[in-house]
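Asks: Please find the sequence and the predicted model below.
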Protein chains: 4
Amino acid sequence: MLGVPVTNLRLRGVIAPMITPMCPDETVDEDSARRLTRVLLSAGVDGLWLLGTSGEFAALDAGARASLVEAVCDEVAGRVPVVVNVSQPGTALTIRTGRDAVRAGADGVAATPPFYHPHSPAEIDRHYRTTKDALGDVPLFAYHIPQNVQPPLDAASIVALAADGVLQGMKDSQPNLQWFRLVADRTREATGPDPFTMLMGTRTLVDVAADVGAHGVVPAMANLVPAACRRAFFGESGTVREDVKTISGCEALTAHVRATSGTATAICAIKAVLCHWGVIASDRVGLPLVAPAADQLEALGTALAALTPLTDPEGSA
Amino acid sequence: MLGVPVTNLRLRGVIAPMITPMCPDETVDEDSARRLTRVLLSAGVDGLWLLGTSGEFAALDAGARASLVEAVCDEVAGRVPVVVNVSQPGTALTIRTGRDAVRAGADGVAATPPFYHPHSPAEIDRHYRTTKDALGDVPLFAYHIPQNVQPPLDAASIVALAADGVLQGMKDSQPNLQWFRLVADRTREATGPDPFTMLMGTRTLVDVAADVGAHGVVPAMANLVPAACRRAFFGESGTVREDVKTISGCEALTAHVRATSGTATAICAIKAVLCHWGVIASDRVGLPLVAPAADQLEALGTALAALTPLTDPEGSA
Amino acid sequence: MLGVPVTNLRLRGVIAPMITPMCPDETVDEDSARRLTRVLLSAGVDGLWLLGTSGEFAALDAGARASLVEAVCDEVAGRVPVVVNVSQPGTALTIRTGRDAVRAGADGVAATPPFYHPHSPAEIDRHYRTTKDALGDVPLFAYHIPQNVQPPLDAASIVALAADGVLQGMKDSQPNLQWFRLVADRTREATGPDPFTMLMGTRTLVDVAADVGAHGVVPAMANLVPAACRRAFFGESGTVREDVKTISGCEALTAHVRATSGTATAICAIKAVLCHWGVIASDRVGLPLVAPAADQLEALGTALAALTPLTDPEGSA
Amino acid sequence: MLGVPVTNLRLRGVIAPMITPMCPDETVDEDSARRLTRVLLSAGVDGLWLLGTSGEFAALDAGARASLVEAVCDEVAGRVPVVVNVSQPGTALTIRTGRDAVRAGADGVAATPPFYHPHSPAEIDRHYRTTKDALGDVPLFAYHIPQNVQPPLDAASIVALAADGVLQGMKDSQPNLQWFRLVADRTREATGPDPFTMLMGTRTLVDVAADVGAHGVVPAMANLVPAACRRAFFGESGTVREDVKTISGCEALTAHVRATSGTATAICAIKAVLCHWGVIASDRVGLPLVAPAADQLEALGTALAALTPLTDPEGSA
């Protein structure tokens, strides 16, 4: 689908971790998903990351996942790479989910360690090797998010999996940039001229990501301010300070919704804003998450007004 | 199925958290499951807990789960209550899994909080209330295992859910007996004459469970030494010290396998011993777990020899 | 000072972890310390544990510590053993504090690992061996309280230190009874006929402590209800249930003060009650702790009224 | 001592967290301390941070601390600001230690929360306000190092203490740059034209510190490669990449010593290298730390050879 062989999938720049639009009955809203895809591509994002933590994979069954991936990949039509998170609590389920994703059009797949048992390093190593063996050529990325999946990955394991060609890269969603730089340095030494891909998932550190070795970033805020994320990541002269302020403002906005609504995640706020802008039809989130109340969104006032609404390039938003 | 209305399901004594026998291809081995069911019932267990952490629910899809529950419930034929763990990473999936379990014969269902996001207390409360509303009369139990599912449940939330009739009881798999006693005391005050059921899941504290307010225990070691667990729990005079030694010996045996095989769980050792005894046909565990090597089992030597093998009362083991 | 050689110091029963009475200027109030000592001995406690976590060692300098130990040991006059916590953030300071304690009359000393750096197992092992070498015959106890001192002690290290005669026992202040039983079992195997002393520091599990291998308990609540703690620990027939209720009521009372006053510890409530009863002259605690306000104590109402005030056997309270 | 009033102490650039040279008997080696001071000042460091975590304050008593501070301040003679860490497990001890530090010549003092009890936010707030009231004009810095002192500081508390003039700044030793940026942004809004000072203590992120709002850095590696730290922090054109490589190489070197010697800290390796270079006379560290064995240092081989030895500008090294 891409010009390069999938085994050399290059992820560079802002890979947007797209939220998954839902209908009021919690099924996938494919129309909104297509519209959001157009909006993000029109803003210049360099790739899409589907069904990640912000994409609410944990609330969706196999059918729902497939419909989302198919709709988005069809809309993307090969213009940018699409990576699909296929994490499951066991290896066999991960492999099955990975095959579904490839069948539905994914250019690459990502997986956390199995996310129920706190597995040993040997088990996590076996998980990635078994998954890679089963999935074959499709590029496989480790997804590191120890806030949600214990225990943390250890640097030595990642370096070994990189050197053996099991992993093509990793996304790190923790804010520990010292660890990120360490893994970036060591995987660079361990792999050849086609380096291990380091993606940083942290929300507000987009501008310093490249300095510590990131090839790309996967910030949830790219759902709301994708262009600012790109300028901040690529360090376009003169605007970085302003773009970082925009991204931090977004983060503050979602933090406000979390603090006032008792939710533990930024997803609810992101969907509420996208729905307010008309990009997606409903602010529905998967239970036990619920959308913020109207007055919580109103209370955002100037913070929300400071953002430029995203609009559908095809004009139908 | 039971003589008592399901909403008054009484769990007392040793509720065995049955491992899930698998065929070499990781499908459910129904014959072995029926045999293990007979073995445990013949040993006097007071109930079964299916598809819990030791039951490897995290490795199994909906079809596999249903086949296990159906086979076991058919074999049990109402003689003891069967509770099925229906935990999922989201509420809607939990409800669907709960309905499947009831359809397959479960007398009660248990659920952790959704186990991917570290949810807020408000979200966890909503999870249980929504699940209860959807499942109706079937008794719902909270499943507390903060080693695997973060954050820990807080006592005040459980008391509120108990007082409102949402939860009929809980299983606590952490070894903090001070917290267990606190919840037992407070739920006893908050509910009426038909008390909130407190089940302790810790492996080796079977004998002191009743002292801190437990109505029953759900120890993984009941898969290997069910009779000792019962005597220790009910405090039958004269044998408690010996029975506790038997249970602790079992735990030491599984700890040895963990330490020497790089696995993070006792499941592999339990299955290996049951397979060695001929109770189940294969020691297969769900990937990324793997069965201990032959020499690891041999190294158990006298520890293993000290256990009385379980045998099928129908003689086919 | 005791009839037995100090190297065979036997701690059995309730070892009260005495709070340290302070004057309003945060110096040690020796008169109150002597009165509290008489009160506790008159209630039958089997030993005293000075300058522990509840004894606010962390707020006191060397002079203040010495004055407390001297006053209490003089008052005790050898009737029960006195153990002094000499924990410091480094080994040399621990040794110096240990010598001060012995000079002031301690029958035994206890120490956490150095409590600032999260030390490696090798460093913790070296800490105990070096301390034992320097202090000589005085019995040395490990003090395990991972809520305050990271990382947790590991069972294998303790067993080795017990087998080598470095440690004479340990106090475990965490509520994990499975771990406690494991260490009790393994140290019993590793040492001879004069066993390694296992003391449980948890607040409300006094009655089940002996069942999991404890020789004694060191519950903060022994400052308020020492007789109930003794009856609960020794399992005097017929009263255990009532005594446990008394202890749990005390714990609930201190939890209420914590919740309403923003303090992180039970010490403030314990001192306030002892001051209310006239056992100690001031409810002063070491900053940043502060005594509960008058209305917080009044709000305890019936909970406080349910306790029998402790009184000085010499009548001056 | 400085030209600016101490209440406006400006810390900018590389503030070296000096290790504390010790004699073989664990007393402070003042000659080596003076020599290291000259070496660091000659390398251009912009300030000194004494008796921090790398300065082994946890192993030293009041006398030893005073002798170190006096010797270093005398040698510095006001050329750069000297901040002294005065952390203690209680507030009164912190204040006393703070007064000692000022008397010995400190231009500013830093303190963690009291580091034994896991204090509540209200207690931590009281700690800083009480300490500031007692110490008066001397600038007070919060020292955030949740790896060693639990619980973590929360951003809202720091902002309030900054706005009220209690804290003049903070040093953050955790690697979470997202949190660092948040606190930098919010304290900048809360304080006037003379901003709250943000210092980053992380070892290898010197070059990106200014981008996330740091006015200065306090990296342990400044003991070994101070000039590289300065160039990396100030972003001098053309050399940043090389300087970061040097700093990361230092970090790798200390990680190697940690891994092979069973120590939990980088201090042992730093002292060993400084002793190898002749800057300090002994590699002694405070027990339970011990110096690396000779063969562990030899094993560093090329990593050590790649560093330019520091030398005393007065030639006596």
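Replies: On my side now, so go ahead. Residues are numbered from 1 along each chain as shown, chains lettered A, B, ... in the order given.
Asks: what about residue A:49, which SS state?
Replies: Here residue A:49 is recorded as strand under DSSP: H, G, I helix; E, B strand; the rest coil.
Asks: My guess is it contacts residue A:17. True?
Replies: Yes - if you go by CB atoms under 8 Å, residue A:49 and residue A:17 touch, sitting 4.3 Å apart. C-betas here are computed from N, CA, C, even on glycine.
Asks: Now do the shared contacts for these two.
Replies: Applying CB atoms under 8 Å, 6 or more residues apart in numbering or on different chains, one finds that residue A:49 and residue A:17 are jointly contacted by A:55, A:218.
Asks: And the two? Which one has more around it.
Replies: residue A:49 (31 against 27; other CB atoms under 10 Å in any protein chain shown).
Asks: so what's residue A:39 up against?
Replies: So residue A:39 contacts A:279, A:310-313, A:317 (CB under 8 Å, 6+ apart).
Asks: near chain B, which residues of the stretch 1-150 of chain A?
Replies: Counting by CB under 8 Å from any CB of the partner chain, the positions of the stretch 1-150 of chain A adjacent to chain B are A:26, A:53, A:56, A:58-61, A:89-93, A:96, A:114-124, A:126-127, A:130, A:147-150.
Asks: let's go with 7 Å and repeat that
Replies: A:26, A:58-59, A:61, A:89-93, A:114-120, A:122-124, A:126-127, A:130, A:147-148 (CB under 7 Å from any CB of the partner chain).
Asks: Kindly supply the ChimeraX command isolating those of these that are buried.
Replies: In ChimeraX, a selection of the buried entries from those looks like this (16 or more other CB atoms under 10 Å in any protein chain shown):
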select /A:26,58,59,89,90,91,92,93,114,115,116,117,119,120,123,124,126,127,130,148
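Asks: can you give me the helices for the stretch 51-200 of chain A?
Replies: Remark: helices assigned in the stretch 51-200 of chain A by DSSP state H, counting those that start in this stretch are A:62-76, A:91-103, A:121-135, A:155-163, A:177-190.
Asks: Select, out of these, the one closest to residue B:284.
Replies: Distance to residue B:284, taken as CB to CB, is lowest for helix A:91-103 among the helices of the stretch 51-200 of chain A, at 11.4 Å.
Asks: what helices or strands is the closest one leaning on?
Replies: Secondary-structure packing of helix A:91-103 (3 or more CB pairs under 7 Å, 6 or more residues apart in numbering or on different chains; DSSP states H and E): helix A:62-76, strand A:108-111, helix A:121-135.
Asks: what residue ranges in the stretch 51-200 of chain A score low on pLDDT?
Replies: Low-confidence regions of the stretch 51-200 of chain A, defined by pLDDT under 70, span residues A:193.
Asks: who touches residue A:72 in this structure?
Replies: Listed by CB atoms under 7 Å, 6 or more residues apart in numbering or on different chains, the contact set of residue A:72 reads A:33, A:37, A:48, A:50, A:82.
Asks: Now the helix or strand containing the second one: buried residues?
Replies: In this structure, residue A:37 sits in helix A:30-42 according to DSSP states H and E. If you call a residue buried by 16+ other CB under 10 Å, then helix A:30-42 has these buried ones: A:30, A:32-41.
Asks: closest to chain C among the contacts of residue A:72?
Replies: Distance to chain C, by CB to the nearest CB, is smallest for residue A:50 among those, at 39.1 Å.
Asks: Quick one: closest of the helices of the stretch 51-200 of chain A to residue B:240.
Replies: That would be helix A:121-135 among the helices of the stretch 51-200 of chain A, by CB to CB, at 36.0 Å.
Asks: Show me the contact partners of the closest one.
Replies: The contact list for helix A:121-135 (CB under 7 Å, 6+ apart) reads A:91, A:94-95, A:98-99, A:109, A:111, A:113-114, A:140, A:142, A:153-154, A:157, A:161, A:166-167, B:262-264, B:287-289.
Asks: From the residues you listed, list the buried ones, please.
Replies: Buried by 16+ other CB under 10 Å: A:91, A:94-95, A:98-99, A:109, A:111, A:113-114, A:140, A:142, A:153, A:157, A:161, A:166-167, B:263-264, B:287-289, out of the contacts of helix A:121-135.
Asks: list the contacts for residue A:209?
Replies: Residues in contact with residue A:209 (CB under 7 Å, 6+ apart) are A:200, A:217, A:233.
Asks: Mind doing that once more with 10 Å?
Replies: Remark: with contacts taken as CB atoms under 10 Å, 6 or more residues apart in numbering or on different chains, residue A:209 is in contact with A:14, A:177, A:180, A:198-202, A:215-219, A:232-233, D:208.
Asks: where's it relative to residue A:12, distance?
Replies: Distance from residue A:209 to residue A:12, counting by CB to CB, to the nearest Å: 12 Å.
Asks: So for those two, which residues contact both of them?
Replies: Jointly contacting residue A:209 and residue A:12 under the rule CB under 10 Å, 6+ apart are A:199, A:215-216, A:233.
Asks: Please spell out the PyMOL selection for the buried subset of those.
Replies: Applying 16+ other CB under 10 Å to the shared contacts of residue A:209 and residue A:12 leaves a buried subset, and the PyMOL line that selects it is:
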select buried, chain A and resi 199+215+216+233
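Asks: If you count neighbours, what's buried in the lengthiest helix in chain A?
Replies: Ordering each helix of chain A by length in residues (DSSP state H) puts helix A:240-261 first. Using 16+ other CB under 10 Å as the test for burial, helix A:240-261 gives A:240, A:243-244, A:246-251, A:253-254, A:256-258, A:261.
Asks: Out of the helices and strands packed on helix A:91-103, indicate the one that is most buried.
Replies: Greatest average neighbour count among the helices and strands packed on helix A:91-103 goes to strand A:108-111 (a mean of 27), per mean count of other CB atoms under 10 Å in any protein chain shown.
Asks: That strand pairs with which strands?
Replies: strand A:82-85 (parallel), strand A:140-144 (parallel) (DSSP bridges).
Asks: got the CA coordinates for it in CSV?
Replies: Provided in CSV are the C-alpha atoms of strand A:108-111 (Å, rounded to 0.1, in the frame of the first residue of the first chain):
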residue,chain,number,x,y,z
GLY,A,108,1.8,-1.9,11.0
VAL,A,109,0.7,-3.2,14.3
ALA,A,110,1.5,-2.3,17.9
ALA,A,111,1.2,-4.3,21.1
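Asks: Tell me how far it lies from the chain's centre.
Replies: 11 Å (CA atoms, centre = their mean, to the nearest Å).
Asks: Please report the distance of the closest residue to chain D within the stretch 1-150 of chain A from residue C:203.
Replies: For the stretch 1-150 of chain A and chain D, the shortest gap (CB to the nearest CB) falls at residue A:147, measuring 11.4 Å. Applying CB to CB, the value for residue A:147 to residue C:203 is 31 Å.
Asks: At the contact with chain D, which residues of the stretch 101-250 of chain A appear?
Replies: A:174-182, A:185-186, A:202-205, A:207-212, A:240-241, A:244-245, A:248-249 (CB under 10 Å from any CB of the partner chain).
Asks: Can you say which of those residues are buried?
Replies: By neighbour count, with 16+ other CB under 10 Å, these hold A:174-182, A:185-186, A:202-205, A:207-212, A:240, A:244, A:248-249 as buried.
Asks: Look up the closest residue to the one residue in the stretch 101-250 of chain A that gets nearest to chain C, ignoring the ones flanking it.
Replies: For the stretch 101-250 of chain A, the residue closest to chain C is residue A:151, as judged by CB to the nearest CB, at 14.3 Å. In space, and not counting its chain neighbours, residue A:151 is closest to residue A:118: 5.5 Å by CB to CB, 6 or more residues apart in numbering or on different chains.
Asks: residues contacting the one you found?
Replies: Contacts of residue A:118 by CB under 10 Å, 6+ apart are A:149-151, B:147-148, B:264-265.
Asks: who does the longest helix of chain A touch, helix- and strand-wise?
Replies: Where contact means 3 or more CB pairs under 10 Å, 6 or more residues apart in numbering or on different chains; DSSP states H and E, helix A:240-261 is packed against helix A:226-234, helix A:267-276, helix A:294-298, helix A:301-305, helix D:177-190.
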